[in-house]
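Asker: Generate coordinates for the sequence data below:
(chains A and B)
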Amino acid sequence: MTQKILLIIIFSVLGYGFWLSPDLKEIAAGVAIFLFGMMSLEQGFNVFTGGLLEKILSKTTDRLWKSLSFGVITTALMQSSSLVSIITISFLSAGLISLTAGIGIIFGANLGTTTGAWIVAAFGLKVQIATYAMPMIVFGVILLFQKSKQLKGIGYVLAGLGFLFLGIHYMKEGFDTFKGSIDLTAYAVSGYKGILLFTLIGVVATVIMQSSHATLVLIITALAAQQITYENALALAIGANLGTTVTAIIGALGASVDGRRLAGAHLIFNVVTAAIAIIFIFQLTGVVDIISEWLSIQPDNYTLKLAVFHSVFNAIGLVVMLPFVDLLKTFLTKVIHPKVKTAAQPRYLHKVSSGIPETAIEAVRKETLHLYDNAYAVIAGSLRLHPDDIRSDLALDEVIKNSRRTLPINIDTQYNETIKTLYSDIVEYVSTMGDMSASQMEELFSYHSAGREIVEAIKNTKHLQKNLDRYLSSGNASIRKEYNQLRSELAEVLRELESVRVNAENDLPAILSLDSLRLRMKENDIALTHRLEDLIRKRKLSSQQATSLMNDSNYIYGVTKNLVQMGEILFSTETEEVKKAEKMLSLKDEELDELATDSSALSNLNDQQRESQ
Amino acid sequence: MKLKKLIETADTLFNTEESDRNKRKKNIKKVLKKLRKQQSKLTESLSDNEIDSESRETIEKKLALTKMHRQNGVDILKEMKAESAESSAEESK
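Answerer: Numbering: from 1, shown residues only, chains lettered A, B, ... in the order given. Now for the predicted structure:
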């Protein structure tokens, strides 16, 4: 509702302004074309962010200085701190980078964005950039019609740059003709009153245009046309810096807790920097004069001096804030808490990460692992065991003997509450994901099938639970012992899976480590067949009990198979190519069968020897 | 970079089959490195005198599997080397 009212107010004010002065139309059109150019540029860079930028981002942000440099360089190259902020927030939300790295990038982006003022002040106003704008737009639009994604991306970048130049040209022309009819400097306010007022105007203008870059270009062109005073222009630049945090805060609304913390860091940085700049504005202008003289900038070249001021106050902010990054992180962690979530609520599927394939895919992987954690608890509960006991170092026989859980869980309720809804959320999130390459689709599909394996494992567990409850309270010690053996086998599978998961994080081969589980599964199956034959022969089990045991052993086999297949897909953090290489080295089913038969024969022989002794 | 190596690199770039093979080789070598790490970790655990016989048996089985995986990897690398030599011999004809 507020947005609609704001839109009506903006339309009315602009309409009235256009009616009053035709020159205002040219300036406003310049701003609109500039903003359109920014959007086109971001769209173009988005095409190229599907790989290289993400790789650099995830690999070069392990140190604060690296993330800082990344922020400065990428923002200077792409001329969009918003795009860098959005990518950073989505990476943070997917857990691909740390909060400290994110803070470093955002701080760096603040410095990198100051290059925009330099480019416009040094070239935009001196050169007839409209002459370059036209061919850029023409070539850019032609490239937009191409099928290749890369060529389309180049098209968007070219057209975007063209529109940026055209926008600057219109703003410049507009202000030049505007000064013939109205002198805006008549409304200049000097002293601190003026500084505060124009800072506020800068904030409002940036919030409305959602781009500090556009506000700065507007300030520079107005300053070049002498429509605003230098002092007021400095205040407007401070306001533009402050206003840009609103864009970041809006962007972080759908983000994870770390994304919101990052927006908080951005806000604190800009507020501190603005406060320093406002308090020491007169001293800073002195510093700007000295630097300008050193850089051979003419004393009356206020546009370039504004660019110097913009860089100086952002650099000061950086110097002041950098020593406090850890403190800032601690403060934000204390102040901004994660929303309390139930086991069924997604933890990694955030709106902000769905736009970038890499982060979206990683979010799906992590959420599917969350689904597995929930399934782990359900399976452990159905065995009347506590997940923490399975994860502990205690011997499983002891765990089963001293089980803290005496009553089984209601698997249907648990399935509906912690598995089904989360799985549906993952499926829905996947359906909203945008453009992806064939290999990314393949990866995503594999995570989807891992989710299906988890659901199947729960269904198999459900079948198992009925007889487990029945025979664990049976008067027949042999059947009780066999069902406890089944519990132990499945608990061991869960324990081994955890160990593989942890080892995979420590750079050990996940897929190949699961071969030992596949072997164990076959060995257990053979061992049960032998035991069953023996128990039936000795009439310790009825035929009905033996059939139940065989069926339930099959369910255990099914659960293990489901979980091993899930682990092969989810546990490894390696690329799809390395995963394929691991699969090439893993043992074939026939090889495992042979090994299981040999090992079972050996253990049978050992048992016989023990019995004869 | 030596001229010969430069030519070889350029040749690999244009020869997609060879380039694919090289990629696969690189990935297998990466997995073999991981397996070596795993093997030494398992051997280290075996040297612990305090572990019970059941755990020892499990570790021994895992160690045997790791050795089999490594052997598989070495065999695949040998096959690839032979394929590579064969295709370059065909090209030189």
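Asker: Which residues of chain B lie near chain A?
Answerer: Chain B comes close to chain A at residues B:23-24, B:27-28, B:30-31, B:34-35, B:37-38, B:41, B:58, B:61-62, B:65-66, B:68-69, B:72-73, B:76, as judged by C-beta under 8 Å from any C-beta of the partner chain. For every residue, glycine as well, the C-beta is placed using N, CA and C.
Asker: Return a PyMOL selection command for the buried portion of the residues you listed.
Answerer: What follows is the PyMOL syntax selecting those of these that are buried according to 16 or more other C-beta atoms under 10 Å in any protein chain shown:
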select buried, chain B and resi 24+27+28+30+31+34+35+37+38+41+58+61+62+65+66+68+69+72+73+76
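Asker: Which of the residues of chain B next to chain A fall within strands?
Answerer: In this view, those have no member that belongs to strands under DSSP state E.
Asker: Quick check: nearest residue in space to A:Phe91, chain neighbours excluded?
Answerer: Nearest non-adjacent residue to A:Phe91, counting by C-beta to C-beta, 6 or more residues apart in numbering or on different chains: A:Ile97, 4.8 Å away.
Asker: Please report phi then psi for the one you found.
Answerer: phi -130, psi 160 (degrees, to the nearest 10).
Asker: Can you tell me the closest non-neighbouring residue to the residue in chain A that chain B sits nearest to?
Answerer: Nearest to chain B, among the residues of chain A, is A:Ala581, at 3.7 Å (C-beta to the nearest C-beta). The spatially closest residue to A:Ala581, leaving aside those adjacent along the chain, is B:Asn27, at 3.7 Å (C-beta to C-beta, 6+ apart).
Asker: Name the single longest helix found in chain A.
Answerer: Among the segments of chain A that qualify as a helix by DSSP state H, the longest is helix A:438-472.
Asker: The residue of chain A closest to chain B: how many residues sit nearby?
Answerer: Neighbour count of A:Ala581, defined by other C-beta atoms under 10 Å in any protein chain shown: 25.
Asker: residue boundaries of the helices in chain B?
Answerer: Using DSSP H, the helices of chain B run over B:3-14, B:16-46, B:53-92.
Asker: I should have written the stretch 351-500 of chain A there, sorry.
Answerer: Along the stretch 351-500 of chain A, the stretches classed as helices by DSSP state H, counting those that start in this stretch are A:357-382, A:387-391, A:396-401, A:411-414, A:421-431, A:438-472, A:477-505.
Asker: so how far is the longest one from its chain's centroid?
Answerer: Just to be clear, that refers to helix A:438-472. Here the centre of mass of C-alpha atoms in helix A:438-472, compared against the chain's by C-alpha atoms, centre = their mean, to the nearest Å, lies 26 Å away.
Asker: Same question for that helix: list its buried residues.
Answerer: Counting neighbours by 16+ other C-beta under 10 Å, helix A:438-472 gives A:440, A:443-444, A:446-448, A:450-465, A:467-468, A:471-472 as buried.
Asker: Now do the SS call for the closest residue to A:Leu535 other than its chain neighbours.
Answerer: Nearest residue to A:Leu535 in three dimensions, chain neighbours excluded: A:Leu541, at 4.5 Å (C-beta to C-beta, 6+ apart). Three-state call for A:Leu541 (DSSP: H, G, I helix; E, B strand; the rest coil): coil.
Asker: same question, A:Arg347
Answerer: Recorded secondary structure, A:Arg347: coil (three-state DSSP).
Asker: That one: neighbouring residues, count only.
Answerer: 18.
Asker: Could you check the pLDDT of residue 65?
Answerer: This is for chain A. As summarised for this prediction, A:Trp65 has a pLDDT of 86.
Asker: try again with chain B
Answerer: pLDDT for B:Leu65: 91.
Asker: for B:Ser40, same thing?
Answerer: With respect to pLDDT, B:Ser40 scores 92.
Asker: A:Lys538 versus that one, what's the distance?
Answerer: In this structure, B:Ser40 and A:Lys538 are separated by 46 Å, where distance is defined by C-beta to C-beta, to the nearest Å.
Asker: before we move on, what about A:Glu293?
Answerer: 103 Å.
Asker: My read is that B:His69 contacts B:Leu35, right?
Answerer: Yes - with contact defined as C-beta atoms under 8 Å, B:His69 counts as touching B:Leu35 (5.6 Å).
Asker: list the residues that contact both of those two?
Answerer: A:Pro509, A:Leu512, A:Leu585 (C-beta atoms under 8 Å, 6 or more residues apart in numbering or on different chains).
Asker: The last one reaches B:Gly73, doesn't it?
Answerer: Yes - counting by C-beta under 8 Å, A:Leu585 touches B:Gly73, with 4.9 Å between them.
Asker: list the residues that contact both of these two?
Answerer: Each of B:Ile28, B:Val31, B:Leu35 lies in contact with both A:Leu585 and B:Gly73 under the rule C-beta under 8 Å, 6+ apart.
Asker: Can I get those residues in CSV including pLDDT?
Answerer: Conversion of these to CSV gives the following (pLDDT from 0 to 100):
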residue, pLDDT
B:Ile28, 93
B:Val31, 92
B:Leu35, 93
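Asker: quick check, nearest of those residues to A:Leu236?
Answerer: Proximity to A:Leu236 was ranked across the shared contacts of A:Leu585 and B:Gly73 by C-beta to C-beta; first place goes to B:Val31, at 58.4 Å.
Asker: can I assume the closest one is in contact with B:Ile76?
Answerer: No - taking contact to mean C-beta under 8 Å, the distance of 10.0 Å between B:Val31 and B:Ile76 leaves them out of contact.
Asker: which residues do these two both contact?
Answerer: What both B:Val31 and B:Ile76 touch, as defined by C-beta under 8 Å, 6+ apart, is the set A:Leu585.
Asker: ok, which stretches of the stretch 201-350 of chain A are helices?
Answerer: Going by DSSP H, counting those that start in this stretch, the stretch 201-350 of chain A shows helices at A:212-224, A:230-252, A:257-279, A:281-294, A:302-321, A:325-335.
Asker: and the residue of chain B found nearest chain A, what is it in contact with?
Answerer: Using C-beta to the nearest C-beta, B:Asn27 is the residue of chain B that sits closest to chain A, at 3.7 Å. B:Asn27 makes contacts with A:Glu577, A:Val578, A:Lys580, A:Ala581, as judged by C-beta under 8 Å, 6+ apart.
Asker: Please convert those to JSON lines, extending it with pLDDT.
Answerer: As requested, the contacts of B:Asn27 are exported to JSON lines (pLDDT from 0 to 100):
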{"residue": "A:Glu577", "pLDDT": "86"}
{"residue": "A:Val578", "pLDDT": "88"}
{"residue": "A:Lys580", "pLDDT": "90"}
{"residue": "A:Ala581", "pLDDT": "91"}
